[in-house]
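1. Sharing a sequence plus its predicted fold:
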Amino acid sequence: MTMRSVKHLLLAAAALAVTVALASPGWAKELRILAWQGYADDDWVKEFKGQCGCDVSVVFIGTDDEIWAKIKGSEGKDFDLFAVNTAQLQRYIDAGLTTPIDLDKIPNQKQTLPRFQDLSKVTGVMRDGKVHSVPYAFDSIGIIYDPKKVSSAPDSMTVLWDPKYKGKVLDYDNGEHNFTITALTMGIADPYKLTAEQMDTAKKKLIDLKHNILSFYTTADEALQLWQNNDVAVMFANYGQQQVKMMKDAGLDIVYVNPKEGAIAWLDTWALTSGVRDKELAESWINFVLQKKIGEQLSQRTGFGNTVAPFPSASDKDTMVWLEFVEDPTKRADLWNEIKAAP
Amino acid sequence: MEGRVQHPPLLRPMDQRDIADGRRAVGAWPDALLTATAWALPTAFILVPLLLFLILGFFEIQGTEIVYRLTLKNYTRFFTDAGFLPTFISTCLLGLKVAAIAVVLGYPIAYLLASLRGRAKYTVAMFFAVPLLMSYIIKIYAIRSILGGNGFLNRSLLYLGVIDEPWTFLIFNLNAVMLTLAILLVPFAILPIFVALERIPRNLLEASADLGARPLLTFLTVILPLSLQGVVIGASLTFVLAIGDYVTPQMVGGIEGFTFGRIIYSQFGFGNNWPFGAALSVILLIPVLMAIVAADRAGRARYAT
């Protein structure tokens, strides 16, 4: 063969490869999941694959805004199923990014714990009589402290502002939650719907908080690394039991406590995207993970509460302030930037 | 003149005899295809996204949706709202400081590399380029845990008895951001300076010595001026990479770790204001373009004076 015909052959092969890659949607049926670590463990995925004879791909995310970027960014087309908390869920429903779920396809939902049986009583999962997501896991946001460094056991988020611990405090880098906990310390009844005046007062308090902390953190393992490598006494524990477990496994002596003014509590659910390819397949996954044994494993492995099997996560004495969609997330984010930019 | 003969494509560079023979380097249509691809790739992957960003910056959001109505709101907001312009300026200053530190750290290393002979030169150069193969985040994690109050550095110094209390000023402040960025970006400063030093003909140095100049004078009057273009290119590259960074400031800057990159980042996250983020990105392009022009000017500087 001459060099010229080899070159033509290579060009043709490249064109063919590109066409095939673009055209093939995959031969077997596939379930595309977007979830937090711990919600779609390898062994569960493997068992599910065996049961359904399908392919499962899982993409893990670390923050709420990553979920928004991926689902909104692809207009719901890149994934079939995603894990989202009841508060964040509202903006997906508003944007038409979810598909209502057919509960008849999820018989295991009838065996959940009493609190999660009647979905119309679970704030946020239903809209206009349709079920947009199914509850799966929950936890609260509280305080983690080192009992050797903190003299008396703290019972309120105000400990983060305590000048005794200046430079030994870690805060979570997120405007929404910081405004909420500040509002709760201010005694505001509805911390998710703040007025401009209340936000202003909270902003000043948060600038004070900023001057008391050592650093912000974004993920749970970042917080662990910061705690291990620096002199830290107390922390805003955004990842609740997940952080407690992680730190105890790392050999750290820490105590978790829910603030008396009320602890933010989140409820994670499974929702179908507007671009779901195989609705029944997605619903069968939800049914699969709502089995008691999976729920127990979820709680054992992560420390979160699950919706099907009892697990000692949050005590009944604690006041849970279930997460809701805030009045203006953009405004809280902008104010948070101003707080961080303030000298 | 006989008719032009069709030759098979050359696999070696053309020379005068080939041109006299009437050869062309490749056939007609693969040539056109290659040219088209060469233009299409940067257009599609660089120019088009930049244009889309430019346009997006002229829209606004209402609630969670983008409203496709042209407005200058995002750009005026940058100037009128508190926090944006000061952060922008401090970020550019940070970038300049990082570029300066990276060049100061990188020049001696590049000089060392240029003075090595034979295989040692490129082997050692490889070692300084290896950090670029590592994950960016892992490197920052490593630096952060080394510099922490309870980190490796402090524990060593305490163990050796050099200090009594751990040094807490190395981390969670703007200096930490500057230092970390400089360490991360120094390979980008080393390489252009190394290339510029390599291009200095040895006979110029020999001539300088023959004329009686001591090594320091040779360095100051011959080597340094001729390597300046590499310094400018290295500094520009480091500057551009530093000002856009939004990970390092958050991870090692503590409460001072707030830069323009983080403002842009938040618009694509919880801020959910993509048009505003796009406008801010376009604004950040201005110092970037200035740095590129500076590097380009330096690159074109006349070599021999």
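-> All right, it came through fine. As the structure is a computational prediction, the values presented were derived from the model and not from experiment.
2. interface residues of the stretch 151-300 of chain A facing chain B?
-> For the stretch 151-300 of chain A, the contact set with chain B under Cβ under 8 Å from any Cβ of the partner chain comprises A:167, A:173-176, A:210-211, A:213-216, A:218, A:222, A:225-226, A:228-231. Glycine gets a C-beta too; all of them are placed from N, C-alpha and C.
3. how close does whatever residue of the stretch 51-200 of chain A ends up closest to chain B sit to A:Thr180?
-> Per Cβ to the nearest Cβ, A:Asp65 is where the stretch 51-200 of chain A lies closest to chain B, at 3.4 Å. Distance from A:Asp65 to A:Thr180, counting by Cβ to Cβ, to the nearest Å: 16 Å.
4. Same check on B:Phe276?
-> Taken as Cβ to Cβ, the span from B:Phe276 to A:Thr180 is 24 Å.
5. circling back: of A:Asp65 and A:Thr180, who's got more company?
-> Taking neighbours as other Cβ atoms under 10 Å in any protein chain shown, A:Asp65 and A:Thr180 compare with A:Thr180 leading, 25 against 21.
6. my read: that one touches A:Ile264, true?
-> Yes: the pair A:Thr180 and A:Ile264 passes the contact test of Cβ atoms under 8 Å, sitting 5.8 Å apart.
7. residues shared between the contacts of these two?
-> A:Val321 (Cβ atoms under 8 Å, 6 or more residues apart in numbering or on different chains).
8. count of residues packed around B:Ile223?
-> 19.
9. Check what pLDDT it gets.
-> The model reports B:Ile223 with a pLDDT of 89.
10. show me the contacts for it.
-> B:Leu197, B:Ile200, B:Leu205.
11. repeat that for 7 Å
-> Counting by Cβ atoms under 7 Å, 6 or more residues apart in numbering or on different chains, B:Ile223 touches B:Ile200.
12. how much space between it and chain A?
-> 42 Å (Cβ to the nearest Cβ, to the nearest Å).
13. that's a strand at that residue, yeah?
-> No: going by DSSP: H, G, I helix; E, B strand; the rest coil, the assignment for B:Ile223 is helix, not a strand.
14. so A:Thr123 makes contact with A:Leu89?
-> No: contact criterion Cβ atoms under 7 Å: A:Thr123 and A:Leu89 do not qualify, at 10.2 Å.
15. The two: which is more packed in?
-> A:Leu89 (23 against 13).
16. tell me which element the more buried one is part of?
-> Following DSSP states H and E, one finds A:Leu89 within helix A:86-94.
17. Next SSE downstream of that helix?
-> strand A:98-99.
18. pretty sure A:Leu119 is touching A:His132, no?
-> No: A:Leu119 lies out of contact with A:His132 (Cβ under 7 Å); the separation is 9.7 Å.
19. which residues do these two both contact?
-> Common neighbours of A:Leu119 and A:His132 (Cβ under 7 Å, 6+ apart) are A:Val125, A:Met126.
20. Which one of those two is surrounded by more residues?
-> A:His132 (24 against 19).
21. Got the phi and psi for that one?
-> phi -100, psi -20 (degrees, to the nearest 10).
22. In terms of pLDDT, where does the residue nearest to it when sequence neighbours are not counted sit?
-> Closest residue in space to A:His132, ignoring its immediate chain neighbours: A:Thr98 at 4.9 Å, by Cβ to Cβ, 6 or more residues apart in numbering or on different chains. In this model, A:Thr98 is scored at 94, pLDDT.
23. hang on, A:Thr98 packs against A:Val131?
-> No: if you go by Cβ under 7 Å, A:Thr98 and A:Val131 don't touch, sitting 10.0 Å apart.
24. who's more crowded, those two?
-> A:Thr98 (24 against 20).
25. measure that one to A:Phe138 for me?
-> A:Thr98 is 20 Å from A:Phe138, by Cβ to Cβ.
26. Next: A:Gln109.
-> When A:Gln109 is compared with A:Phe138 (using Cβ to Cβ), they lie 16 Å apart.
27. can I see the domain layout of chain A?
-> Residue ranges for the domains of chain A, per automatic domain parsing: A:23-136+A:267-315, A:139-264+A:323-341.
28. looking at these, which is buried most?
-> domain A:139-264+A:323-341 (a mean of 19; mean count of other Cβ atoms under 10 Å in any protein chain shown).
29. how long is it end to end?
-> One end of domain A:139-264+A:323-341 sits 31 Å from the other (Cα to Cα, to the nearest Å).
30. centre of the chain versus it, how much separation?
-> 16 Å (Cα atoms, centre = their mean, to the nearest Å).
31. So which of the residues of the stretch 151-300 of chain A next to chain B sit within helices?
-> A:Gly175, A:Glu176, A:Lys210, A:His211, A:Glu222, A:Gln225, A:Leu226, A:Gln228, A:Asn229 (DSSP state H).
32. between the residues you listed, which is closest to B:Asp81?
-> B:Asp81 lies nearest to A:Gly175 out of those, by Cβ to Cβ, at 15.7 Å.
33. Leaving out chain neighbours, which residue sits closest to that closest one?
-> A:Trp336 (2.8 Å).
34. Need the per-residue pLDDT for the one you found.
-> 93.
35. so which strand or helix has it?
-> helix A:329-341.
36. ok, how many other residues are close to B:Thr123?
-> 10.
37. Next: B:Tyr159.
-> Neighbour tally, B:Tyr159, other Cβ under 10 Å: 8.
38. ditto for the one 5 residues further on
-> The local packing count at B:Asp164 equals 7, with neighbours defined by other Cβ under 10 Å.
39. Tell me which stretches of the stretch 101-250 of chain A form strands.
-> With strands called from DSSP state E, counting those that start in this stretch, the stretch 101-250 of chain A shows them at A:126-127, A:130-131, A:133-145, A:169-172, A:215-217, A:234-237.
40. Can you say which of those is nearest to B:Tyr122?
-> Using Cβ to Cβ, these put strand A:215-217 closest to B:Tyr122, at 40.5 Å.
41. quick one: average pLDDT of that closest one?
-> Mean predicted lDDT for strand A:215-217 stands at 93.
42. and it, what does it pack onto?
-> strand A:169-172, helix A:220-229 (3 or more Cβ pairs under 7 Å, 6 or more residues apart in numbering or on different chains; DSSP states H and E).
43. Longest helix of chain B, counting residues only.
-> helix B:84-115.
44. residues of it that come out buried?
-> By neighbour count on 16 or more other Cβ atoms under 10 Å in any protein chain shown, the buried set for helix B:84-115 is B:84, B:87-88, B:90-92, B:94-103, B:105-107, B:109-114.
45. Equivalent analysis for stretch B:204-221, please.
-> Those would be B:Leu205, B:Ser208, B:Ala213, B:Thr218, for stretch B:204-221 by 16+ other Cβ under 10 Å.
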